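Colleague: What shape does this take:
(one chain, ligands or ions: 2)
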Amino acid sequence: MRRHDLIVLGAGTGNALIDDRFAGLDIALVSAGPFGGTCLNAGCIPSKMLAATADVADSVRESGRHDVDAELRGVRWRDIRRRVFDRLDAAAEEGEKGRRESEQITVYRGTARFTGPRRLTVETEDGPVEIEAERIVIAAGGRPVVPPVVADSGLPYETSDTVMRLEEVPRRLVVLGGGYIAAELSHVFHSLGSRVTVIEQADRLLAQQQDELVSQTFTDLMRDEWDLRLGRELAEVSGSPGDLRLTLDDGTELTADTLLVAVGRRPNSDRLGVAAAGVETGEDGRITVDEHLRTTADGVWALGDISTQVPLKHVANREAEIVAHNLLHPDDRRTMTYDAVPSAVFTRPQIAQVGLTEQEAREQGLDHAVAVHRYADVAYGWALEETDGFCKVLADRRTGRLLGAHILGPQAATLVQPLVIALANGMTVRELAEQPLWIHPALTEVVENALKDLDLEADGT
Ligand SMILES: Cc1cc2nc3c(=O)[nH]c(=O)nc-3n(C[C@H](O)[C@H](O)[C@H](O)COP(=O)(O)OP(=O)(O)OC[C@H]3O[C@@H](n4cnc5c(N)ncnc54)[C@H](O)[C@@H]3O)c2cc1C
Ligand SMILES: NC(=O)c1ccc[n+]([C@@H]2O[C@H](COP(=O)([O-])OP(=O)(O)OC[C@H]3O[C@@H](n4cnc5c(N)ncnc54)[C@H](O)[C@@H]3O)[C@@H](O)[C@H]2O)c1
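Modeller: Numbers count the residues shown, from 1 in each chain. Ligands and ions are numbered 1, 2, ... in the order given. Coordinates of the predicted model:
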């Protein structure tokens, strides 16, 4: 049994937790997969590098709108893939090398499993290694859910872990699910040449995650791009590899050469056997943590997709900052809050949000004002020839404060940031609209004008 001062389980966000403040400690860093975890190797970063490339292809296709005659002659998928993954694989290797060179860190590459309180066995290439520590941080992430109808078919399927490294752009791609991953990767592959069909059990795309106006508008726009099978479930997968037959619950049959499964992710707590360490989980497999991110076992902390309320990288990063601080300052602990968590979907159009959706404001019975300002009604929207985009804001009439913001259109992920700052700081919409000067004629005027459109005086009843 090898004893360390601190074990960090997971080399995604967990790796980022270890910095100079931990100098002098003997640290074990355990990871089954490559350094950088999901975000760097199979998540946020490759999907956005591919989305940016897809946007370039779409800009060429749409150049006529700006009276520019350009023609898309083709996309070089293997070159795109090489450009993206050569860079990311090198970053992952570099990250691991740096840690291996550190005198205070022992890297264990292998799959870990708890054998008792603060004790683990790691299945490495050289056999099992037993390790223990006074303090452990669990940051072992999650994995894609694969429903039995697909897993039990015995036929090949892709997930976000594999699809971005395919040898060829699929000719006929069927995507199961209509959430974040489905939307982003459908955008990528459709723009790079796939015929895309999306099977989603809800009646709209992004229905669980987005404001109703955003979800409905996005669904309506994507009907022109993808073949949408909404309110449908997959009943059977048959055929042969490369020539799949997918039967839906209404008896409709689809054919595909590639099936991408994107119906959500689940935490890896089961594979880690956390119960043996006295670490409790909820029914959904998420490790239970308190506001300081301590688990139910003494000396064991958790962060990121394995425990969080919101499985996003910027949330995991903030949680890592909190855990690092709390490990170093046990008598002055910080608290994690999830009050103003923004998110963005890197599709075309982009989508971004923070705070309450209109349906949530209604459910909570809030006296709220709503305003929607269109890109087409600000000068830079004209410059972009933008017809669909909008910024929707919700404010509390009693306090004058922002409740939520939802943007659909070019640069939504960037435009939302002033609204995130306002929400995080409890600013009133008047303060945000009227205190700073907003650059003319930048796209941010769509945000400024949406705020100014809010009618806070009207009686909401
Ligand atoms: C396709 C895709 C796109 C995404 N895009 C975005 C985005 O644009 N923006 C955003 O904010 N979020 C995005 N996310 C979510 C984001 O990637 C995750 O929230 C984030 O990576 C979670 O980090 P983590 O450290 O908790 O887990 P991970 O990064 O998954 O790290 C888990 C680590 O634990 C290791 N591990 C797991 N099990 C074991 C075990 N038993 N033993 C040893 N080691 C183990 C793994 O090898 C890995 O090193 C995306 C996710 C996907 C899949
Ligand atoms: N840009 C980003 O920030 C980003 C991008 C990708 C992923 N992510 C993270 O990854 C997580 C997982 O993404 P995801 O897209 O897999 O999950 P998701 O929860 O976003 O969407 C899953 C979708 O699949 C549908 N679904 C579930 N079971 C189904 C079935 N049997 N048949 C048809 N449809 C079904 C659901 O109704 C839902 O719309 C996200 O919640 C997010 O936290 C973030």
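Colleague: and the top helix by length along the chain, what does it pack onto?
Modeller: In the chain, assigned by DSSP state H, the helix with the most residues is helix 77-101. Applying 3 or more C-beta pairs under 8 Å, 6 or more residues apart in numbering; DSSP states H and E, one finds that helix 77-101 contacts helix 37-42, helix 44-61, strand 105-116. Where C-beta positions appear, they are placed from N, C-alpha and C, glycine not excepted.
Colleague: which other helices and strands contact the helix or strand that comes right after the last one?
Modeller: I take that to be strand 105-116. Next helix or strand after strand 105-116 toward the C-terminus (DSSP states H and E): strand 119-124. Secondary-structure packing of strand 119-124 (3+ C-beta pairs under 8 Å, 6+ apart): strand 105-116, strand 127-138.
Colleague: wait, which of those is closest to Leu312?
Modeller: Proximity to Leu312 (C-beta to C-beta) singles out strand 127-138 among these, at 17.9 Å.
Colleague: Looking at the strand or helix carrying Glu431 now, give me its mean pLDDT.
Modeller: Per DSSP H and E: Glu431 is located in helix 429-434. Per-residue pLDDT over helix 429-434 has a mean of 97.
Colleague: What residues sit buried inside that helix?
Modeller: Residues of helix 429-434 classed as buried by neighbour count (16 or more other C-beta atoms under 10 Å): Val429, Glu431, Leu432, Ala433.
Colleague: Do you know the pLDDT at the closest residue to Gly141 other than its chain neighbours?
Modeller: When the adjacent residues along the chain are set aside, Gly141 lies closest to Asp305, with 4.6 Å between them (C-beta to C-beta, 6 or more residues apart in numbering). Asp305 is assigned a pLDDT of 98 by the prediction.
Colleague: Surely Asp305 and Ala316 touch.
Modeller: Yes: contact criterion C-beta atoms under 8 Å: Asp305 and Ala316 qualify, at 6.7 Å.
Colleague: What parts of the stretch 301-450 of the chain come near ligand 1?
Modeller: Selection of the stretch 301-450 of the chain residues close to ligand 1 by C-beta under 6 Å from any ligand atom yields Gly304, Asp305, Ile306, Pro311, Leu312, Lys313, His314, Ala316.
Colleague: mind running it again at 5 Å?
Modeller: Contact residues, the stretch 301-450 of the chain versus ligand 1 (C-beta under 5 Å from any ligand atom): Gly304, Asp305, Pro311, Leu312, Lys313, Ala316.
Colleague: Most neighbours of all those residues, which one?
Modeller: Gly304 (32 neighbours; other C-beta atoms under 10 Å).
Colleague: ok, now which ones touch the closest residue to that residue other than its chain neighbours?
Modeller: Spatial nearest neighbour of Gly304, excluding adjacent residues (C-beta to C-beta, 6+ apart): Ala316 at 3.8 Å. Applying C-beta atoms under 8 Å, 6 or more residues apart in numbering to Ala316 gives the contacts Gly12, Thr13, Ala139, Leu303, Gly304, Asp305, Thr308.
Colleague: give me the low-pLDDT residue ranges for this protein?
Modeller: Within the chain, the ranges that satisfy pLDDT under 70 run 459-461.
Colleague: and with 50 instead?
Modeller: Residue ranges of the chain with pLDDT under 50: 460-461.
Colleague: what's the domain layout of it?
Modeller: Per the record, the chain has its domains at 2-144+266-328, 148-263, 349-460, by automatic domain parsing.
Colleague: With distance to Val341 added, can I get those domains in TSV?
Modeller: Formatted as TSV, the domains of the chain follow (distance: least, C-beta to C-beta, whole Å):
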stretch	distance to Val341
domain 2-144+266-328	5
domain 148-263	12
domain 349-460	7
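Colleague: Serialize the ones you listed to TSV and add fields for distance to ligand 2.
Modeller: Converted to TSV, the domains of the chain look like this (distance: least, C-beta to the nearest ligand atom, whole Å):
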stretch	distance to ligand 2
domain 2-144+266-328	4
domain 148-263	2
domain 349-460	8
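Colleague: and the buried residues of helix 429-434 as a markdown table, adding distance to Val416?
Modeller: Shown next, in a markdown table, are the buried residues of helix 429-434 (distance: C-beta to C-beta, whole Å):
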| residue | distance to Val416 |
| --- | --- |
| Val429 | 15 |
| Glu431 | 17 |
| Leu432 | 13 |
| Ala433 | 15 |
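Colleague: Pick out whichever of those residues sits closest to ligand 1.
Modeller: Among these, Leu432 lies closest to ligand 1 (C-beta to the nearest ligand atom), at 24.0 Å.
Colleague: Now for Arg223, how many residues are close by?
Modeller: When neighbours are counted by other C-beta under 10 Å, Arg223 comes out with 12.
Colleague: Let's verify Pro349: helix, strand, or coil?
Modeller: coil (DSSP: H, G, I helix; E, B strand; the rest coil).
Colleague: if I look at it, how far off is Ala51?
Modeller: 12 Å (C-beta to C-beta, to the nearest Å).
Colleague: and what of Gly12?
Modeller: Using C-beta to C-beta, Gly12 is found at 20 Å from Ala51.
Colleague: Check Ser269 too.
Modeller: From Ser269 to Ala51 the distance is 30 Å (C-beta to C-beta).
Colleague: go on, Leu254?
Modeller: Look at Leu254 and Ala51: by C-beta to C-beta, they are 25 Å apart.
Colleague: about what we covered before: more neighbours: which of Gly12 and Ala51?
Modeller: Just comparing Gly12 and Ala51: by other C-beta under 10 Å the higher neighbour count belongs to Gly12, 27 against 20.
Colleague: contacting residues around whichever residue of the stretch 251-400 of the chain sits closest to ligand 1?
Modeller: Nearest residue of the stretch 251-400 of the chain to ligand 1: Gly304, at 2.1 Å (C-beta to the nearest ligand atom). For Gly304, the contact set (C-beta under 8 Å, 6+ apart) comprises Gly10, Gly12, Thr13, Gly14, Ala139, Gly141, Pro311, Ala316, Glu319, Ala320.
Colleague: With Thr197 instead?
Modeller: Thr197 makes contacts with Arg172, Leu173, Val174, Val175, Trp226, Asp227, Leu228, Arg229, Leu254, Ala256, as judged by C-beta under 8 Å, 6+ apart.
Colleague: any idea which of the residues you listed has the most stuff around it?
Modeller: Neighbour counts for these, by other C-beta under 10 Å, peak at Val175, which reaches 29 neighbours.
Colleague: That residue bridge partners, please.
Modeller: Under DSSP bridges, the beta-bridge partners of Val175 are Val198, Leu260.
Colleague: my guess is it meets Thr258, correct?
Modeller: No: the criterion here is C-beta under 8 Å, and Val175 misses it with Thr258 at 9.2 Å.
Colleague: Strands of the stretch 101-250 of the chain, residue ranges please.
Modeller: Counting by DSSP state E, counting those that start in this stretch, the segments of the stretch 101-250 of the chain that form strands are 105-116, 119-124, 127-138, 142-144, 172-176, 195-200, 227-230, 234-240, 243-248.
Colleague: tell me, how many neighbours does the residue nearest to Arg2 when sequence neighbours are not counted end up with?
Modeller: Excluding the flanking residues, the one nearest Arg2 by C-beta to C-beta, 6+ apart is Ile131, at 5.0 Å. Per other C-beta under 10 Å, the neighbour tally for Ile131 reads 21.
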